[in-house]
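S.K.: Sequence first, then the predicted structure, then my questions.
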Amino acid sequence: MSEVPTAEAKVEETTETTPPWERDGETFDPERAWKLVQNLKAELAAVKAKQAEAPEPTAAEEPAPEPEAEPTEAEAPEPQEDSAVQIASLQAELARVKALAVVGLSQDFAPFVPGATSEEIEANLATLQKLISDAANEKTEAVLATAPKSRGMAPNHPYLC
């Protein structure tokens, strides 16, 4: 019988050496604990208020659906039309990105390449590419025109000797 109280005494000693609020070497911070409690209380109050505002109707309280609430045949095609428009828009965007990748331009140029079909996009991209090329050529010509004319090196130049 003397062994049983000894085991209980050891259990109590181990719980007294490490308080339950200290874990993994982290000491108890009363301010942090108080903030946590207050935040949890506020969150609980908000959830309860939301539930009070919109109570879930029980099966007995649910009204029967009205026949007018169902979509009519005229309303049904709208989501399909919206989907078709979205699909067409995404296909045009994909064609635009592919065409830009083929010619080696960044996707940043996509807003400057209008068109709904791949043919229109390719034609507009060719125009954009020509404009970029022309602008680059003009810039190169302007730089070359302002650069000093080289007369060549004299044969007795100090670096050549």
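M.R.: Arrived safely.
S.K.: going forward, measure contacts between C-alpha atoms and count neighbours the same way
M.R.: Noted.
S.K.: Excluding chain neighbours, give the residue nearest to Leu125 in space.
M.R.: In space, and not counting its chain neighbours, Leu125 is closest to Val113: 5.8 Å by Cα to Cα, 6 or more residues apart in numbering.
S.K.: List the residues that contact that neighbour.
M.R.: Contacts were defined as Cα atoms under 8 Å, 6 or more residues apart in numbering; by that measure Val113 touches 96, 121, 124-125, 128.
S.K.: report the longest helix in the chain, please.
M.R.: In terms of residue count, the longest helix belonging to the chain (DSSP state H) is helix 118-146.
S.K.: Ala52 is in what secondary structure piece?
M.R.: Ala52 is part of helix 30-53 when elements are defined by DSSP states H and E.
S.K.: Now do the same contact list for Gln107.
M.R.: Gln107 sits in contact with 97, 100-101, where contact means Cα under 8 Å, 6+ apart.
S.K.: Now which of these would you call buried?
M.R.: Buried residues within the contacts of Gln107, counting neighbours by 16 or more other Cα atoms under 10 Å: 97, 100.
S.K.: Could you dump the contacts of Gln107 into CSV with pLDDT, secondary structure and distance to Gln107 added?
M.R.: Shown next, in CSV, are those (pLDDT from 0 to 100; DSSP: H, G, I helix; E, B strand; the rest coil; distance: Cα to Cα, whole Å):
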residue, pLDDT, secondary structure, distance to Gln107
Val97, 85, helix, 6
Leu100, 84, helix, 7
Ala101, 85, helix, 8
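S.K.: ok, the contacts of Gln107 vs Ala136, which is closest?
M.R.: Ranked by distance to Ala136 (Cα to Cα), the contacts of Gln107 are led by Leu100 at 18.2 Å.
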